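Chemist: What follows is a predicted structure for the sequence shown.
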2 protein chains.
Amino acid sequence: MIQTAVLGYGTVGSGVVEVIERNNAEVSRRAGEEVHVKYILDLRDFPGDPYEDKVVHDFNLILEDEEVSVVCEVMGGVGAAYQFTKQALEAGKSVCTSNKELVAKHGPELLALAAKKRCNYMFEASVGGGIPIIRSINNALTPEKIVAVAGILNGTTNYILTKMEREGTDYGEALKQAQALGYAERSPEADVEGHDACRKIAILASLMTGKNVDSEKVPTEGITKITPADFDFAKAAGMTIKLLGKAQLTEDGKLLAMVAPHMLSKDHSLAMVNDVFNGIFVTGNMLGDTMFYGHGAGKLPTASAVTADVIDCIRNQGRTIQCIWEDTEAELADAALTRKKFFVRAKASAREAVEAAFPGSVAVEADGHEEELGFITQEMTEQEFDEKCGGLKDSVLGRIRML
Amino acid sequence: MIQTAVLGYGTVGSGVVEVIERNNAEVSRRAGEEVHVKYILDLRDFPGDPYEDKVVHDFNLILEDEEVSVVCEVMGGVGAAYQFTKQALEAGKSVCTSNKELVAKHGPELLALAAKKRCNYMFEASVGGGIPIIRSINNALTPEKIVAVAGILNGTTNYILTKMEREGTDYGEALKQAQALGYAERSPEADVEGHDACRKIAILASLMTGKNVDSEKVPTEGITKITPADFDFAKAAGMTIKLLGKAQLTEDGKLLAMVAPHMLSKDHSLAMVNDVFNGIFVTGNMLGDTMFYGHGAGKLPTASAVTADVIDCIRNQGRTIQCIWEDTEAELADAALTRKKFFVRAKASAREAVEAAFPGSVAVEADGHEEELGFITQEMTEQEFDEKCGGLKDSVLGRIRML
C-alpha cells in the first residue's frame, strides 16, 4: 500500500482526493499497488467533509511519516510550497504539483534535488490541465528535435475571447461574465495580462530545449486591448483572435519565446479551441505537427493530471524519470528582430498614410466600421512595425500579430 | 552503446534508420546511451544505399547477436513477423513495431511473453502514426476510467472523404487521386473497407478496457458507398462525413466497438481533421474529453513513434513497462441494439412514406438535388433503423450514422 499526502485542500487538492478515492480501482491497478490519501494539509478545518479526519495542520507530521512516499503540492505560490517541496524531496518523497509558478521559478533546482535523492518531481498539471503535454514532450516525442511549441495555454482568456467573438461582447463585460462563472479571479491580472500563459510557455520552452527559460524574460502581452472591432475585422478576413504562448527555435539556434494575442485563420486547428479549452501544437523535425487538446483547467482534469504523476512516481520508486531541464539559461532571440505579418486597424481617413507606411498590405473592410479600415501587412520585424505605427500616431486604433 | 536491428527496409524501416541516425544526438540523449542500428533485415539488397553494409538476410544473425537488445519489426504481416517477434522476445530482446495487424491479432500473447522475459513489446506506431495515443492511454490517462475512444484512424480514407467534401469529387475519382499520390494502395480494400481502422480501434479498445477485443468481431463498414450527394446534404445541414472508429462503455458495462462513416457537425473538433491527418478523442470519467491530432501515417512520423518505443525500451532495460491487455475477451455490446440518430437520403417523391417511417425526423434540402430529400431521424436502435429502411425499399438512396 502506498500512502500519499495532499498539501492544500482547495479546488485542485479536493479534486486529487476525489480522483484517488473515487477512481481507486483504476488508480491502484495502474500504480500496481493500492494507493490512498493519508493526510490533507491545510490551515483550515473542514468539519463535515468526508475526509475531515485526514486534515492536519503541521507539515512535519507528513515529513516524518515514513509511510508517505508521494506528496501532492497543490497549494500554489512560491513560499511555503517551495519549502515543503524541498523538504519532501530531501526526505526522498516524490512530489507532484500543479504549481506552475513554482515550477517556472525553481524547476531545475527541484528536479536536480529529486534526482540526487532518487525520487521524482513531477508537474504534468502545471501546463494544460488534463492534457498530457509534459509527458508527451518528456516521454513520447523523445526522438524529436522539437522546433516549435505554440498554444492556447490559458482557459480564462480563451473563454473571454470566445465570448467576445461569438457575442460581440466587449472585453470588460466578457471578463465580468468569466468572473461570475468562476473562470476568472477577482484580481484577474495573472490571466488577462498573460502572466499565467507566460509561466506555462516558459516551462514548455525549457523542456523543449533542455535549458532554462526564465519566464521573466519572455515578452508578454495580454488581451486587455482587444476590442469587438478587432473581432469584426478578423471575421471579415476569415480569421479569429487567440492569446498564444509560442516558443520556437530560430535559424541561428536561439529560442524565440513570447505570449501575445494573435490573429489566425478560422481554418487553423487552434481556431476551433474555444471556451475554457486549451490546445497545444508541438512541431518536431521528424514528426511535423501534433496537437493536444482538452480541459486546460478545472478541478477534476487538473487533479487527474496530478494523480497520473502520483501513479508514475509509484511505478518508478527508487529511480528518477528522465526530465531534461538544465540550470543553464537558454539563449533567447530578440523578439523585436523576429519577422511576421501584422494586422493594423486604423482610421479610414488615414488610408493613404497607412498604405504608404505598409506597402503591399491588404486592406480589410468590416460592416458597421465604415470609419475604420483593417490592414494585413507584409512580413517585417516587430521593431520595424513599432516604428511605422509610431509614425502613424493616433491613426492606429488596434494592432495584432498574425500567426 | 545500444545496438538495434530493423526488420524490413521498406518505407517505415528506412524511416526508423533515418530517425535514429539523423536525430542521433536527440535519440541518444533521451535514451541515456548512444543508440545505433547494427542490422537491417530484408530479403533484398540495397546497393548504393548509405546503410547497405548493415543489410542482412538471415534473422538468426540478429537473434544470436547479444549486442542487439532492441528489434524494430516494421515488416508487416502475421507470418514471419510473428515468428521473429516471438523469437526476439524469447531471447530477451525488446520488440517495437508499427504492425497493427500483428498487434491486433497477437497482442496479449506477445505482451505476456515480453513480461515473462522482462523485456518489452511496444506498438505506439500501430495506431495514429506519430500521435502518442498508446502512451497516453498506458502512461498518462492512468487515473481515468476511460469511457470512450472515437477517432479518425485511417489517413487514406480521410484524404478521400476530404477530397469529396471540398471538390465534389466522386468516390472512385478521389480514390484514384489518393492512389496517384501514394496515399492509397493499388488494392485499397484494407483502407476503404475499414479493416485498417478496425484493427486500430480494436487495439485502442483493448487498452481502454484491459481486455482483449477481437477485431474480427467489430462491426465494420467502409466508405465506398458515400456519394457527393451525401456531402451536399451534409453541408446543407452544417455537417460533414468522417470514417470513425469508436469504442465506448455502455451503461451495462459492455463495450460497444464499431467502424463506420458518421455524419458530424462542422463544429465538432473531428470535423477539422482533414486530408491524411488523424484525430482521436479519448473521454475519461474525470478528465472529460481530450483530443490528439497529427500525422496518422507517413514514413517519418511513423518511424518517430517506433523510435520513441526504442528509447523507452532502453530506458527500461530489465523491467517491463505496464501495459494492461489481458487475454480474456471483452464483453461486446450488440451494435444492432445501440441507439443513435441517422441520416437518410431518399427520393423526394417518397417524402410522406419516409416521414411516416421516421416520425419527428428533420428534413434537409440541398441545392441541385431537388429530386431528393435528406432526413435526420430521432434516436433509435440500428436494428429498428434497418427494418424501417427495408420497408422503404428503393426510396432510400443513402444512409449514414450520426455522431
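Modeler: Sure, I can see it.
Chemist: can I see the domain layout of chain A?
Modeler: A:2-129+A:299-315, A:136-295, A:335-402 (automatic domain parsing).
Chemist: got these as CSV, with mean pLDDT, distance to chain B and mean neighbour count columns?
Modeler: All C-beta atoms are positioned from the backbone trio N, CA, C, and that covers glycine. Formatted as CSV, the domains of chain A follow (pLDDT from 0 to 100; distance: least, C-beta to the nearest C-beta, whole Å; neighbours: other C-beta atoms under 10 Å in any protein chain shown):
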stretch, mean pLDDT, distance to chain B, mean neighbour count
domain A:2-129+A:299-315, 97, 4, 21
domain A:136-295, 96, 3, 21
domain A:335-402, 95, 20, 16
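Chemist: Select, out of the ones you listed, the one closest to B:Gln177.
Modeler: B:Gln177 lies closest, by C-beta to C-beta, to one member of the domains of chain A: domain A:136-295, at 21.0 Å.
Chemist: Name the SS class of the closest residue to A:Tyr121 other than its chain neighbours, please.
Modeler: Spatial nearest neighbour of A:Tyr121, chain neighbours left out: A:Ala114 (4.1 Å); criterion: C-beta to C-beta, 6 or more residues apart in numbering or on different chains. Judged by DSSP: H, G, I helix; E, B strand; the rest coil, the three-state class of A:Ala114 is helix.
Chemist: List the contacts of A:Ala114.
Modeler: A:Leu89, A:Ser94, A:Val95, A:Asn120, A:Tyr121, A:Thr320 (C-beta atoms under 8 Å, 6 or more residues apart in numbering or on different chains).
Chemist: re earlier: quick one: closest of the domains of chain A to B:Ala303.
Modeler: domain A:136-295 (7.1 Å).
Chemist: Show the end-to-end separation of the closest one, please.
Modeler: 16 Å (C-alpha to C-alpha, to the nearest Å).
Chemist: Ok, which of the domains of chain A comes nearest B:Glu26?
Modeler: domain A:136-295 (5.3 Å).
Chemist: Show me how far that closest one is from its chain's centre.
Modeler: Distance of domain A:136-295 from the chain centroid (C-alpha atoms, centre = their mean, to the nearest Å) equals 8 Å.
Chemist: Can I get the domains of chain A in JSON lines including distance to B:Arg29?
Modeler: Output for the domains of chain A, formatted as JSON lines (distance: least, C-beta to C-beta, whole Å):
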{"stretch": "domain A:2-129+A:299-315", "distance to B:Arg29": "15"}
{"stretch": "domain A:136-295", "distance to B:Arg29": "8"}
{"stretch": "domain A:335-402", "distance to B:Arg29": "27"}
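Chemist: Ok, which of these comes nearest B:Ala297?
Modeler: Nearest of those (C-beta to C-beta): domain A:136-295, 11.5 Å.
Chemist: Which stretches in chain A count as helices?
Modeler: Assigned helices in chain A, in chain order: A:11-22, A:24-31, A:59-63, A:80-90, A:100-116, A:133-135, A:155-167, A:171-180, A:189-192, A:195-209, A:228-236, A:299-315, A:351-357, A:382-392 (criterion: DSSP state H).
Chemist: Just send the ones you listed back as TSV, with distance to B:Ser136 too.
Modeler: Converted to TSV, the helices of chain A look like this (distance: least, C-beta to C-beta, whole Å):
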stretch	distance to B:Ser136
helix A:11-22	17
helix A:24-31	13
helix A:59-63	31
helix A:80-90	27
helix A:100-116	21
helix A:133-135	8
helix A:155-167	20
helix A:171-180	30
helix A:189-192	27
helix A:195-209	17
helix A:228-236	33
helix A:299-315	10
helix A:351-357	47
helix A:382-392	36
